[in-house]
Each structure stands twice: as C-alpha cells, then as structure tokens.
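# Got a sequence here, can you model it:
(4 chains)
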4 protein chains.
Amino acid sequence: MIIVLKHGADPKESERLVEWIKNLGIDVHESAGSYQTVLGLIGDTAKVDADLIASLDIVESVRRISDTFKCCNRRFHPEDTVINIGGAQIGGGGFCVIAGPCSVESEKQIINIAQAVKAAGAQMLRGGAFKPRTSPYDFQGLRGEGIKLLLAAKQETGLPIVTEIMSASDLDLFEKVDVLQVGARNMQNFDLLKALGQTRKPILLKRGLANTLKELLMSAEYIMSSGNPNVILCERGIRTYSDYLRNTLDLSAVPMLHELSHLPVIVDPSHATGISRIVPPMALAATACGADGLMIEVHNDPSHALSDGAQCLTPDEFAQLQARIASVRRAIS
Amino acid sequence: MIIVLKHGADPKESERLVEWIKNLGIDVHESAGSYQTVLGLIGDTAKVDADLIASLDIVESVRRISDTFKCCNRRFHPEDTVINIGGAQIGGGGFCVIAGPCSVESEKQIINIAQAVKAAGAQMLRGGAFKPRTSPYDFQGLRGEGIKLLLAAKQETGLPIVTEIMSASDLDLFEKVDVLQVGARNMQNFDLLKALGQTRKPILLKRGLANTLKELLMSAEYIMSSGNPNVILCERGIRTYSDYLRNTLDLSAVPMLHELSHLPVIVDPSHATGISRIVPPMALAATACGADGLMIEVHNDPSHALSDGAQCLTPDEFAQLQARIASVRRAIS
Amino acid sequence: MIIVLKHGADPKESERLVEWIKNLGIDVHESAGSYQTVLGLIGDTAKVDADLIASLDIVESVRRISDTFKCCNRRFHPEDTVINIGGAQIGGGGFCVIAGPCSVESEKQIINIAQAVKAAGAQMLRGGAFKPRTSPYDFQGLRGEGIKLLLAAKQETGLPIVTEIMSASDLDLFEKVDVLQVGARNMQNFDLLKALGQTRKPILLKRGLANTLKELLMSAEYIMSSGNPNVILCERGIRTYSDYLRNTLDLSAVPMLHELSHLPVIVDPSHATGISRIVPPMALAATACGADGLMIEVHNDPSHALSDGAQCLTPDEFAQLQARIASVRRAIS
Amino acid sequence: MIIVLKHGADPKESERLVEWIKNLGIDVHESAGSYQTVLGLIGDTAKVDADLIASLDIVESVRRISDTFKCCNRRFHPEDTVINIGGAQIGGGGFCVIAGPCSVESEKQIINIAQAVKAAGAQMLRGGAFKPRTSPYDFQGLRGEGIKLLLAAKQETGLPIVTEIMSASDLDLFEKVDVLQVGARNMQNFDLLKALGQTRKPILLKRGLANTLKELLMSAEYIMSSGNPNVILCERGIRTYSDYLRNTLDLSAVPMLHELSHLPVIVDPSHATGISRIVPPMALAATACGADGLMIEVHNDPSHALSDGAQCLTPDEFAQLQARIASVRRAIS
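Next comes the predicted model:
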C-alpha cells in the first residue's frame, strides 16, 4: 500500500500516521520528494483500511498495490482449477457446454430437451426452477417441483444438472443438484455466498449486472474462503446504454479473468444478448477467446417458452452451433 | 400492449397470434397500414409475456403501454404515503433526517453519536450491525451484538433506529428495530423482499448500483404485494465512469419517483459521494429538489471509523449542515 | 509518478529503466520492500509516458500523483475566475441565468422570448443557430441567419447572447456573439478547442456524454493553454441506463469541479432531464449545491418548438422558477 | 409512429392533434380502448418531431416504429457493401487486416513496420499522423509530415494507408490517403462528417465512447446522405465501469450491425483493451463472430513507442496472430 501525503502536510500529523500504521505491525518506508512525501507500507496490509487513511487531511491519495483476493488468485495457484462434475470437466483446457431451457415447465418438456441437447453433445443440462424475476407478477418458477423434474431428466439422460439457488434456506432441496448457480442479482448476496461456501458443491457464479471483475473475484473469494474451492465464473453481459441488445457481453473478461485467477470461466451468450439469432456468433466468439465453456438456452418450442423465449435456440439450431463450436475449438487449439 | 407485425408477415401466422391472444381473454384491435400492421391489446395484459411474443418471426416489436407496478403506482393512489416511525414521519411533506455512523463499534460510540445527532435535530439513528462488504476479509459488523447496542442507544435517546438486514433468517434479531434497511446489493434479492413483505415493519429500500427506477419500483412491489405497504425508497448513487467520486448521485430520481409513485423518497449523499466535504452540498441539493429526508453518516471521530471514514461528517459539521438544510426547506416551501 | 515493479523483476532491466528515466532529467527514489520495489519519480513527469512504462514486462503498475491539468487547476490559482460578459458576471459568488429557446426560429420568436426572460430576470439569452442533431434529416438550425436574429434580440433587449459553434471555419459569423458554446458532442473536438483558444471570447464548454471530470478539465486546458482563460464549465447530464429521463444529471460534479478548478461551473437541467416538469426541481438542486449559474430552455409555445419542446419551460413557468431560485440562493448564502 | 394518449385526454385537444398531423400529409388511424387511445401514423413520419408530440399534455408516449436511417439500412439494400481499396476489399465475405503503429514516428520506423506487417499478410497499413489526445501536453502527432512518411511507406510496400483526420480544413493533406479514419471522439462531429460526405474516399468511422449502434448508423448516414457511400464501421470498445481493461469491447455489435446495415464492420481490439496480451484473444473472437476485418496496432519496439505502447503487438506476435486468425476464418466459413 502506498500513501501519498499532501504537499506541505503537517510533519506532526504525518508522524502520528506513521506511528499508527507501525502499531498495526506494518513497516513504513518514507520517501520525501520536493513535491510529495510517499509512504510505502510493507507487510500484511489487508487489515489496513485504505478509505480511512484517505479521509485524513494530510493524505493526498492511497493505493493498494497487492491484490485483495487470495484463494482465487493465479499468483498463488498458477495451474488451472479443474472441476469434475459427473464425468464432465470444467477448466484446464476442456470445454463444457451447459444447455437447456430458461425455465423447467413440465416433465415432458425437460426430458425432451435434455435428450435433444445430449444428442447434440451438451455435457450438462440447465433449467430454471427458482426464477428471479424483476416483477412479482411474472412466473417465479416451479421451485421444488422444478428440481424434481430436473432430477428426472438427469436420471433419463445421465446429464448432470445446473440450476439456480436464490436463498440458503432452500439448500436442502438442492441436495442432488450437481451445480448450484448464483444469479447475477445475487452475486453480492454475501450471506448466500457464505452458506454455499459451507458446502462442497460446484458453484456457478454469474457476474452481476454492473460489477467489476475484481468484485466478481471477491465474491468467489467469499465462497472459497468459507471452504468451498469449486467455483466456476460466468460472464453473462453487463448493463450499458446498449440500444438493440439486452446487455453488453464483455468477452474481454474471459482472458482477463484467466490471467487474474485459476478458476474456470464460462460465458452465457443467451442472457447477454436476448436475441436468439445473435447467440451463435457470440458463442463462437466466446469459444475463440478461450472460454472454458458455454451456457446456452435451448427450448424445443421457443414460441411457447414461458420466459425468455426470444433468446432460446431450437434443438436443431443448437446442434448446428455445436458443430461450429467444435470447429472453432480445433482452430484455436 | 402494442404489437407491431413485420412488413409482409404471413397472414396465417398473424391470425394464429391474434387467436392465441384472444384465448387469454384479451381483446385485439387490428390496424393495418401500408408498411406495418399494428395490434392493440386491450384488457389485463399483465399476464401476457411480451418477450415471448417478441420472439415470434412475424413480430417486429412489442411494447407495454401500461405500468407493470400497481401497489406503489401514484395513478392508483394519488396521495402521498406517510409512514409513522416512533413519532417521526416520512412522506407527505415532512422531512426526516436519519444520521449515525456507518458501523456500530461500541456502546460508548453509538450512544455518544446518538446524543450528538439528536441534539442537532436528527429524527432517527442509523448504524450498521450487519455489513455487506465486497471483501470477506473486511470488517463484517458486530451483527446481533451491534443491534443490541443500537437498542441501547435508542433507549438512551428515544431515537428510532434504522439498520440493514442481509438475510431473512436474521429477522428475529430485528424484532425491536424500527426501520429495516435493504442495501443496494440486495435490492433484487427477491426472497428477502418477499420475507420483509410478510412483516409490517417500515422497509428502507436502497436503489441498486445499476438499477433503473422501474426496477426499484418493482422491488418495492415485491414487498407491497406480499402485504407490507410501508416502503421508503432511497437514492444512494449509481455506478458510472465517475473519476473523482465513488458513485454518481442521481438526484433527478427524486422528482421522477415522486411522479411515478406515492412512496416517500430519501437520499443518502454519504455513500453516493464517498467524500465528506461533498456531502453537505449534495444534502442541500437533495433537499431543494424535494426529497422527503436524508440519510447521513456521522461519526464522532472520522479518522478512527472502522469503515467508510472518508465519507463521515463530524457531529459539528452535521449540526451546521442541519441549520442549512432547515434554511433550504423554508426556501422551497 | 510512482512505478511499482513486479515481484522478482530482473534487476538488470530495472536498472535500465531507472537509467532511462534519469536520462529524461528526472530523479528516481527507489524503495525496495520484501514483495515489491517502488520507484518514486521526482521532477517534471508530464513528459513521461505512463502507458509506455506500464507496458514493460517488469512493471506491475504506474500511477501519476500530480494533476496533469495546470491552467485550470485551483492549486495554482486559488481564487475563483470571474468572467464579465456585457454587465453579467459568471463565477466568484455571483449567479447567472442564461435562458432562451433551444433553436432560433424567427425574429418574432427570439425577440419575444428575449423580452420575456429578461423580464423574469435572466442575465443572458441563449438560442441555437447551429444545431448538432443525431440525424442528418432533423432540423439543423438557421445557421448564420439564426445568429443575425440573436443579435437583433440582443439589440432589442441588451441581453448578451450565448450560442453554439460547431466548426472553427464558422468563427467569422460569431464575431459579435458574447459567449461561444461548445456542445457535449464536440467536447473532445480538439481542433475546435485550439481554435477557440486563439480568441478571447468566453467559451461555455459542455461536458461530453460520457466524459469524466478530468477529461472535461483537460478540454478546458486545450482552450486555456492556447491563450484564452475565459472558460465556463457546464454539467448537462451524462449517459447511463436511466429509464425515464434522457440523461443523468451529475450534480456532484459541481462541488467537485469547484474543488479541482477555479473556473465557474453552470448547470443545464433542460437537456439533462428532457422533461420540462423535472427542470424546476433540478434547477433548485443545482442552485443549492453551489452552481455559478444555470442554462434553461424557455419557449413561448413549447408545443410548437421545432426541437426539444418536451424540455422547455414557458415564460410563466420560468418566472416562477426564478423566484424560487432567488429564494434558495438566499437560503444558502 | 404510434402515439398513446393519456387516459381521459380532452377529446378537443386530441382532435386538434390529429388534425395537425394530417396537415403534415400523414394518415392517422385511431384505436380507442377502455384505458388508452392509440393513434397510428401512416406515411412519411421522418418529418414528425416525436419529442414535440411527447411534450403535449394529452400524450402518454410516442414511439417510432420505422428506422430513421435510410442509406445504410439493410432493408433497402440487402446485399453487403464491398469497398475496394487498392486491391484490398472490405465487406462481402472478405477479411481485411489493417496493421501498423499507433503513431508515425520516423521514416525508418514506419517503413520497417510496413514491411513487417505486409510480410505477415496485412492488407493495409495504419499509422497516426494527427493524434487526438486528452491532454494538450501529450504528443499530438507529426501531422502533415506524418502523412508524407505514410505515403513513403505505401510507395515502398504497396500497402494502402489508413490514417485519422481531425478537421475538414486538413482535407488537402489527405489527397493521397486511401482510407480516412474518423476517431471515436469525432463520431458526432457532424460538420466533419458532412465534409467527408462530399468526397468519395472510403471513411473508417469509429464508434464513439458511449454511443449506441443507432447513433453510429446515423453518423454513417451523415456521410452517405451527403453523397459518399464508402463507409466502414468500426467497433473499438465502449466506456463502462471496467476495472482492468481500458474499455469494454462490444463484440455483439458486429452481428447486430450486420443485421441492421449493409456496411462492412471491423473491430479494433488494441484500443478497446489497452493491454497487448489481451489483443490476440479478442482479435480471434472478433473474427469468430463475423467481423469483416481488424485494425491492430503493431510496433517494432513496443517499449519505445511514443504513445499507447502497452497495447501494441510486436511484428512476431502479429505474425503468429495472423496464422491463428486464418485458422479461425477457415473454421467459421
């Protein structure tokens, strides 16, 4: 941590600050220039409150120079994390496609789609049982019943299942779920993150609507520092002033997160764009820039899906896309 | 709801769509132009999924023309909601200042500040017991113990207390708390909102980091449609590309929310700016544009606050600000 | 400037860097910690390319600690700049209201409005002659003819006039214009800024749609370093994900710019909100947080204005607002 | 255009509005529901001012249902525009890589780089002669001299050249330049766009920092409606709250622009990311989602580039990237 003192800072106050920092067990290197004095803090500065110091009258600015994320940091864990999920692998050079409908609607629907996406080569099945909706008047999902239907589809096809959890109090219902998804709106629901950190379930953590990469990593850190190392990061579009598309898919997050962290990074082009015909090009782009996998909405009858129909692919479109993804995978390997 | 069909849309598919809508119990007025055909839907279109219709091949665009928020809508409830909290009132022309430290740290600290802000005319005491922090390594608040200290300060001063709840499972601890705050990061934690809707406690609902006014109102709707009409909206700054200030305080939200809704609207200039010397001008601006109250961080020793010290006022600065606020209140009344 | 070297940086490369910097005539203070080595650069670092240094393999990060803006910096010029414009003053504690229509439409129109806003106490007349429009098919303004009409209104009422210039090649037409406005879209049209820096005309510089405060100040710097010290900064709303209002008025820019710079800061609530009934509360808020003036659209027949009618006040509404502004001015003085 | 009248709108005022619209030569279809009355306008509504109508007391909302862009609209020109530039082609299924340094620095530098990028298969040479810089104290480019050096490199290698124009008054200097670039900051410098519309030079139009796709298309429309059909659109990253990367590259703009317009769309991953090691994955992603070309910064000595060194590739890195791009091109064809 580096503290820049204001030009003409009262030397007494500056001494008091240095002493206060040293009392925290941290060394201070002072470097006085003609315009500024710079204090370099050496030691475990994670416990030093940068905002507090920045508020002092004599301080010009404060800056952390070491990362505040530890568990997910690639510096301390250079090799990729690989998460095994019922045969499928995410991370470490493999590629994993999670496909399925936005919402689970009926046993017939989910089993049909599961069979279709499996036939097209998907490694996992997704489907919403608990649905976070902006409006309380919109369909909120089949909830516990939806999870049962997902498990039926799993039994039928062998595909591991991924579904969203909205509250720690529902954890019992997710006992047989393979991957628990934390949605964008709950990325900073820290109590939920801590509760998921108590489990060993793989957690698919979606980036929040307007969250930075560092905030995403700090949320992963909540899960990991509570004891669960199995975190999958997911870029799903951020909110900007986009006029034609729902969100702005931030694909540069993929290589950047890979540099910062050893965790796998997947991309959800369906929610990011909200338009089914834009999903394939963005899925290919995500593949080309090194994503560890994709999460794609597939519905056997997009015009009758109960939610988000506009962004679903049909099983046929999905199968065609899978072939093109495989082709791009070969091209970049 | 208005549906614009594509130029050259297949008449058969268009007929099927019209029939499907009519089956939902909704009237359809068709208006065929030379370039487009427009369908006007008359009836309770809240149950019609606009995204689904937009996904059809023959549809150019879909647009709702009536608001999806009902309980908080000023159209259906023209007079201001007034919420009574232990003598203080929020809404309906009154003005309510909530002041106190970011975090509760000790009994002495919270009682001292409570006495100071009461002396300066604050109507309520705020203080964080459960603290949502980006990093799991930062101070997470005194939790249940912090609430006890707030209640001690309430007993000492008579000031009603406001503090943040992060999880429905903590509700028991908040039994004697006067106003439960939902933080920006939990604005779309719908399970928490529904649980709070089961109570009759006044809920102070903060706008999320990148949420629109409509989303804020829909989150209020979650609480209200669950049975709790006592919602206070709070603007606290949104995330932009601001370089010197933490967030961008969106004061135009105040008159706009007043137009859309009958709920009271308060402003938190402390979190929005993050710089204590910018808090007073923004507090005055919020007052001038018609806010129903303010939430201001006050600490008796800003340079020793455990969190967010940079944005706290001293009791003296707060007392001076109160006098200026009163003066602006008179000027606009 | 502070350079943080990577942990384990090759000492030879680090020496080469230090030498290269010293060759630029800059002193380097080295401070080696157990985790990082920090180089503090002392001297005129304006000529050091931070991006270049940041690109080196051995460098972790680079940070400037001194401002890159000089002419407009309050540190080097603590007292407020006051600009005199035909009797009116902007800056230094005064308050200046610039009012008028979005576009000049006819001699009768502009003279009528000029008389009305003068009667209501406006100090200057605004009116668009050259109009930057998103679409080439929208009304582009009366151009040179519009300026003649503004000058006629000036002669009639004595009000100094403010109007936008879009290209340096039009400068001759603006000879008798009192204040030249640079619109948001041209805030970083550096050739235009340099050309305006060659004149001594007061320049009203609007903040760009997504520009930071530092970028606004650097654009002022283009004008001032070319020789023209007469710059007025104008906050007019920034682009966010606002749903009901056109832009987000960033009022915290007012006190922040006052702290950073000695230049006057005015606010345009009309373009920022785009809704005439939100203009008065935001005008009062801007007044309350210390703006040096306002720019307000007034039209004698809002429903027939050729552009931006939705955001115009009538002369009556403007007169009422002026009385309330005066009242808030007294309250904060 | 659709106008929704408020519930309970005065029928007299509504009639007056209908009459006024009919006087503009536009048909009005009225559709009265129990809650709203909807007016459908049929005819050339480009001349109807939507903002003006929205400002009327009786109007709830107004919405255009036809595009306001004509020349660049794919509806009216279904086949791709192909632009021929000295042998190279942009658009229509080809792929064009423009490479070179951020700034032209010397004859030796630009010729060396030109030879290197040509050897690696680039179709055009880029290099900045006129440099828009945020600070007036930063290097502003070699200007006219820089163009001469680019022309020397063209003569040496045969590569067509692309360079930025900042002001119409410099047009004479660009006589022999093959492609004129309009930078992000000048995307809405409408006077410059109109002047470039008077030429027949290919124009590379970069998307502004916070501009929507529609605004980009409307700026293309300024050039095209002035008579020049040779416009190349360029996505180069938009401003968000990105923490590690300079901007957020919006790759979904590529397929979306292709759907809306027949103009070629290229991508500049260098400026978007600002980090050279993130450039290759984003270049591959842009290729995979269907871009018509790329603009990539290459410097033979990144650590000595005068500007933007951090984002440049070396010629070797560029040659490797070219091979991978070719591989992805084959995979998606």
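
# So is stretch A:247-257 next to chain D?
Yes. On the criterion CB under 8 Å from any CB of the partner chain, stretch A:247-257 is in touch with chain D at A:T248, A:L249, A:D250, A:L251, A:S252, A:V254, A:P255, A:M256. All C-beta atoms are positioned from the backbone trio N, CA, C, and that covers glycine.

# Among those residues, which one sits closest to C:E145?
Distance to C:E145 across the residues of stretch A:247-257 next to chain D (CB to CB) is lowest for A:T248, with 42.4 Å.

# So what's the residue count around the residue lying closest to that closest one once chain neighbours are set aside?
Distance criterion CB to CB, 6 or more residues apart in numbering or on different chains; nearest residue to A:T248, sequence neighbours excluded, is A:T240 at 4.4 Å. By the criterion of other CB atoms under 10 Å in any protein chain shown, A:T240 has 23 neighbours.

# hang on, the earlier thing: farthest pair in the residues of stretch A:247-257 next to chain D?
Farthest pair in those, by CB to CB: A:T248 and A:P255, 16.9 Å.

# how close does the residue of the stretch 1-150 of chain A found nearest chain B get to B:I165?
At 3.5 Å from chain B, A:S55 is the closest residue in the stretch 1-150 of chain A, using CB to the nearest CB. With the distance defined as CB to CB, to the nearest Å, A:S55 ends up 27 Å from B:I165.

# More neighbours: those two, which one.
B:I165 (25 against 22).

# separation between the more buried one and B:Q181?
Distance from B:I165 to B:Q181, by CB to CB: 7 Å.

# Up against chain B, what does the stretch 101-250 of chain A have?
A:132-139, A:166-169, A:185-186, A:188-192, A:194, A:208-211, A:215, A:218, A:221-222, A:225-226, A:239.

# Just the buried subset of those residues, written out for PyMOL, thanks.
Burial among those is assessed by 16 or more other CB atoms under 10 Å in any protein chain shown; the matching PyMOL selection reads:
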select buried, chain A and resi 132+133+134+135+136+137+138+139+166+167+168+185+186+188+189+190+191+192+194+208+209+210+211+215+218+221+222+225+226+239
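
# ok, back up a step: quick check, pLDDT for the residue nearest to A:T248.
A:T240 carries a pLDDT value of 94.

# likewise the one 5 residues further on?
At A:L245 the predicted local distance difference test score is 92.

# repeat for A:E105
91.

# for whichever strand or helix holds A:S31, packing partners?
Using DSSP states H and E, A:S31 maps to strand A:27-32. Other helices and strands packing on strand A:27-32, by 3 or more CB pairs under 8 Å, 6 or more residues apart in numbering or on different chains; DSSP states H and E, are helix A:11-23, strand A:37-42, strand C:27-32, strand C:37-42.

# Tell me which of those approaches D:V48 most closely.
Closest approach to D:V48 among the helices and strands packed on strand A:27-32 (CB to CB): strand C:37-42, 59.3 Å.

# Check which element follows that closest one along the chain.
Downstream of strand C:37-42, the next assigned helix or strand under DSSP H and E is helix C:50-54.

# which ones are touching the closest residue to A:S261 other than its chain neighbours?
Take A:S261 and drop its neighbours on the chain: the residue closest to it by CB to CB, 6+ apart is A:C72, 4.6 Å away. Contact partners of A:C72, counting by CB atoms under 8 Å, 6 or more residues apart in numbering or on different chains, are A:L217, A:A220, A:E221, A:M224, A:V231, A:S261, A:H262, A:L263.

# and if you look at A:V4?
A:Q36, A:T37, A:V38, A:L39, A:V59, A:E60, A:S61, A:V62, A:R63, C:I2, C:I65.

# From these, keep the buried residues only.
Looks like the contacts of A:V4 have A:Q36, A:T37, A:V38, A:L39, A:V59, A:E60, A:S61, A:V62, C:I2, C:I65 buried, using 16+ other CB under 10 Å.

# from the residues you listed, which is closest to chain D?
C:I65 (15.9 Å).

# Any residues of the stretch 101-250 of chain A in contact with chain C? List them.
Looking at chain C, the residues of the stretch 101-250 of chain A close enough under CB under 8 Å from any CB are A:R239, A:T240, A:Y241.

# ok, how many other residues are close to A:Q115?
Neighbours around A:Q115, by other CB under 10 Å: 17.

# ok, so what distance separates the nearest residue to it once chain neighbours are set aside from C:N186?
Among residues not flanking A:Q115 along the chain, A:T157 sits closest, at 5.9 Å (CB to CB, 6+ apart). Per CB to CB, A:T157 is found 59 Å from C:N186.

# got it, and A:L245?
28 Å.

# likewise A:Q322?
Distance from A:Q322 to C:N186, by CB to CB: 49 Å.

# A:D292 reaches A:G94, doesn't it?
Yes. A:D292 is within contact range of A:G94, at 7.0 Å (criterion: CB atoms under 8 Å).

# what residue ranges in the stretch 51-200 of chain A score low on pLDDT?
Applying pLDDT under 70 to the stretch 51-200 of chain A picks out residues A:65-66.

# the strands in it, which residues?
A:59-63, A:83-85, A:88-90, A:96-100, A:124-126, A:161-164, A:179-182 (DSSP state E, counting those that start in this stretch).

# Of the ones you listed, flag the one that's most buried.
strand A:124-126 (a mean of 29; mean count of other CB atoms under 10 Å in any protein chain shown).

# Just checking: what are the partner strands of that one?
Strand A:124-126 has the following strand partners under DSSP bridges: strand A:96-100 (parallel), strand A:161-164 (parallel).

# For that strand, which outside residues touch it?
Contacts for strand A:124-126 (CB under 8 Å, 6+ apart): A:85, A:88, A:96-101, A:110, A:113-114, A:117-118, A:150, A:153-154, A:157, A:159-163, A:178-179, A:181, A:295, A:297.

# ok, now with 7 Å
Contact with strand A:124-126 is made by A:85, A:88, A:96, A:98-100, A:114, A:117, A:150, A:153-154, A:159-163, A:295, as judged by CB atoms under 7 Å, 6 or more residues apart in numbering or on different chains.

# Near chain D, which residues of chain A? Just list them.
A:210, A:212-214, A:238, A:240-241, A:243-245, A:248-252, A:254-256, A:273, A:278, A:281-282, A:284-285, A:287-290, A:324, A:327-328, A:330-332 (CB under 7 Å from any CB of the partner chain).

# at 8 Å instead, please
A:210, A:212-214, A:238, A:240-245, A:248-252, A:254-256, A:259-260, A:272-273, A:277-278, A:281-282, A:284-290, A:324, A:327-328, A:330-332.

# Just the buried ones from the residues you listed?
A:210, A:212-214, A:238, A:240-242, A:244-245, A:248-252, A:254-256, A:260, A:272-273, A:278, A:281-282, A:284-290, A:324, A:327-328, A:331-332.

# The contacts of A:C72 in helices, which ones?
Residues of these located in helices (DSSP state H): A:L217, A:A220, A:E221, A:M224.

# can you pick the most crowded of those residues?
A:A220 (28 neighbours).

# pretty sure that residue is touching A:C234, no?
No. Look at A:A220 against A:C234 with CB under 8 Å: they stay out of range, at 10.8 Å.

# Between the two, which contacts overlap?
A:L205.

# Can you check the distance spanned by stretch A:158-173, start to finish?
For stretch A:158-173, the first-to-last residue distance is 19 Å (CA to CA, to the nearest Å).

# that older thread, what's near enough to touch the residue nearest to the residue of the stretch 1-150 of chain A closest to chain B when sequence neighbours are not counted?
With CB to CB, 6+ apart as the criterion, A:S55 has its nearest non-adjacent residue at 3.5 Å, and that residue is B:A310. B:A310 makes contacts with A:D51, A:L52, A:A54, A:S55, B:G274, B:I275, B:S276, B:P302, as judged by CB under 8 Å, 6+ apart.

# so which of the residues you listed comes closest to C:Q198?
B:I275 (36.8 Å).

# Before we move on, what's the pLDDT of the closest one?
For B:I275, the model assigns a pLDDT of 89.

# The one 10 residues further on now?
Here the pLDDT value assigned to B:A285 is 98.

# where do the helices sit along chain A?
Ranges of helices in chain A, per DSSP H, are A:11-23, A:50-54, A:107-119, A:144-157, A:190-197, A:213-225, A:253-260, A:269-273, A:279-288, A:315-332.

# With that, I have no additional questions.
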